[in-house]
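*Asks:* Next input, structure requested:
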Amino acid sequence: MAPERRSFAPHLTRRRLLTAGAATAGAVLVGSAGTSATAAGKTRPAVIHLPNGFRPEGIAISGGPYAYLGSLGDGSIYRADLRTGRGEIISAGPGTPSVGLKLDHRGRLFVAGRGQGARVVDARTGELLASYVLTTATPTFANDVYLTPRTAWFTDSFQPALYALPLGRHGRLPDADEVVKITLSGDWSQVPGEVVNANGITRTPDGSALLVVQSGVGGLHRVDPRTGVTKRVDLGDAAPLTNGDGLLLIGRTLYVVQNRQNAIDVFGLAADGRSGVFQRRITDPLFDVPTTVAAYQGRLYLPNARFTTTPTPETTYDVISVRA
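*Replies:* Numbering: from 1, shown residues only. Purely as a prediction, here's the structure:
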């Protein structure tokens with residue numbers, strides 16, 4: 001089982017916190033309000049249908065026109081072609097949930113596995129490359145993941161902690177005993193029990209720190225990755241980010257999915273992420289508890305998790321695309 005080290009300073013210089021060339025790095029999103037998903041883009045479908053009973057939660061988009069989604073049901077990974085809407089299961093699940101996921105430039109999917117820790121899957125072959133026990137504490141809920149050039153960061157919704165997988169030279173995956181625990185402190189106040197605390201994660205615009213949304217209390221926190229000390233981000237008089245879920249940062253614009261509100265709140269952030277200004281809210285009549293968000297060529301893609309609908313093998317699920 002993985003020991004939980006206390007510090008991670010050697011891998012966390014400001015430069016190394018910068019994003020690792022994710023699919024969103026070159027995207028430019030403009031517009032003052034969302035455009036309905038019913039108005040499709042010129043060549044891409046605005047609604048992508050997933051297999052019945054799939055139960056999506058996380059989404060990742062590569063530099064090419066493909067989205068990858070994980071199943072809360074059996075953990076399978078589905079790849080959808082954004083040009084046609086067609087797709088297929090590329091990796092059969094282990095029978096346990098796949099929650100948040102991110103894709104690196106080597107074609108590896110880093111998957112948060114709820115109570116089962118984390119795993120890494122080859123997006124081309126579906127092969128399981130590695131799996132990790134992130135903590136032996138209970139309860140635990142590995143919820144979301146964010147990649148930097150040297151680290152894969154995972155949130156735990158039931159523990160006041162982040163977990164770091166240090167990536168070696170040429171992206172070498174760490175051994176099982178190299179998982180690092182960073183305890184959250186400072187402004188962070190953990191709600192005890194099986195309540196969703198830390199959820200979506202990204203970085204500050206200048207790459208000097210991490211940003212984590214605390215769903216249950218609707219707060220956004222700036223986290224020092226070396227110490228775990230947090231400071232609540234000053235968002236002025238903006239409404240609390242209740243049910244805040246996936247985070248997406250493009251430039252200095254932060255998109256915060258609020259799942260049961262069926263909305264994305266958009267903020268302009270200071271470079272260091274210590275403050276932000278509410279800009280607008282994006283909604284769409286086709287949203288049905290969207291959880292996470294990824295971007296491709298000026299559009300946002302959100303899986304409908306449909307948490308208010310009892311899941312069955314025949315329940316329909318889809319991904320909704322809107323302009324930012």
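*Asks:* low-confidence ranges in the chain?
*Replies:* 1-42 (pLDDT under 70).
*Asks:* Pull stretch 155-164 out as CSV, backbone CA atoms only.
*Replies:* The C-alpha trace of stretch 155-164 is given here as CSV (Å, rounded to 0.1, in the frame of the first residue of the first chain):
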residue,chain,number,x,y,z
THR,A,155,-9.0,15.5,-5.3
ASP,A,156,-10.6,13.5,-2.5
SER,A,157,-14.2,14.5,-1.7
PHE,A,158,-14.3,12.7,1.6
GLN,A,159,-10.8,13.6,3.0
PRO,A,160,-9.2,17.0,3.4
ALA,A,161,-6.3,16.1,1.0
LEU,A,162,-4.9,16.1,-2.5
TYR,A,163,-2.9,13.2,-3.8
ALA,A,164,0.0,13.7,-6.2
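*Asks:* Can you get me the centre-to-centre distance for it and its chain?
*Replies:* Relative to the mean C-alpha coordinate of its chain, stretch 155-164 is positioned 13 Å out (C-alpha atoms, centre = their mean, to the nearest Å).
*Asks:* which element follows the strand or helix carrying G268 toward the C-terminus?
*Replies:* Taking DSSP states H and E as the criterion, G268 maps to strand 263-269. Of the helices and strands lying after strand 263-269 in sequence (DSSP H and E), the nearest is strand 276-283.
*Asks:* re earlier: what pairs with the strand holding G268, and is each one parallel or antiparallel?
*Replies:* Pairing partners of strand 263-269, with direction, according to DSSP bridges: strand 253-258 (antiparallel), strand 276-283 (antiparallel).
*Asks:* what does the first one rub up against?
*Replies:* Read it as strand 253-258. Outside strand 253-258, the residues within contact range by C-beta atoms under 8 Å, 6 or more residues apart in numbering are 29, 200, 202, 211, 213, 220, 241-249, 263-269, 276, 279, 282, 290-293, 300, 302, 324. Placement of C-beta: from N, CA and C, glycine included.
*Asks:* mind listing what's buried in the strand holding G268?
*Replies:* 263-267, 269 (16 or more other C-beta atoms under 10 Å).
*Asks:* Show residues contacting it.
*Replies:* 34, 204-205, 233, 235, 238-239, 241, 249, 252-258, 275-283, 287, 290, 293, 300, 302, 324.
*Asks:* switch to 6 Å and redo it
*Replies:* 205, 252, 254-257, 276-283 (C-beta atoms under 6 Å, 6 or more residues apart in numbering).
*Asks:* circling back: filter the contacts of strand 253-258 to the buried ones?
*Replies:* Buried among the contacts of strand 253-258 by 16+ other C-beta under 10 Å: 29, 200, 202, 211, 213, 220, 241, 243-249, 263-267, 269, 276, 282, 290-293, 300, 302, 324.
*Asks:* Keep only those of those that are in strands.
*Replies:* 200, 202, 211, 213, 220, 244-249, 263-267, 269, 276, 282, 300, 302 (DSSP state E).
*Asks:* quick revisit: wait, which of the buried residues of strand 263-269 is closest to G171?
*Replies:* L269 (28.3 Å; C-beta to C-beta).
*Asks:* ok, residues contacting stretch 184-193?
*Replies:* Against stretch 184-193 from outside (C-beta under 6 Å, 6+ apart): 160, 197, 216, 228-232.
*Asks:* Report the distance from it to the chain centre.
*Replies:* 20 Å.
*Asks:* What is the end-to-end distance of that stretch?
*Replies:* 16 Å (C-alpha to C-alpha, to the nearest Å).
*Asks:* same question, stretch 311-321
*Replies:* So stretch 311-321: terminal residues 22 Å apart, C-alpha to C-alpha.
*Asks:* now for the strands paired with strand 263-269, which one comes closest to A152?
*Replies:* Judging those by C-beta to C-beta, what sits closest to A152 is strand 253-258, at 20.5 Å.
*Asks:* Can you show me the CA trace of the closest one as PDB?
*Replies:* In PDB, the C-alpha atoms belonging to strand 253-258 read as follows (Å, rounded to 0.1, in the frame of the first residue of the first chain):
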ATOM      1  CA  THR A 253     -11.200  32.700 -17.800                       C
ATOM      2  CA  LEU A 254     -12.500  30.000 -15.300                       C
ATOM      3  CA  TYR A 255     -15.500  27.900 -16.100                       C
ATOM      4  CA  VAL A 256     -17.200  26.300 -13.100                       C
ATOM      5  CA  VAL A 257     -19.800  23.700 -13.700                       C
ATOM      6  CA  GLN A 258     -22.600  23.700 -11.100                       C
END
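*Asks:* Pick the most buried one from the strands paired with strand 263-269.
*Replies:* Most buried of the strands paired with strand 263-269, by mean neighbour count (mean count of other C-beta atoms under 10 Å): strand 253-258, with a mean of 24.
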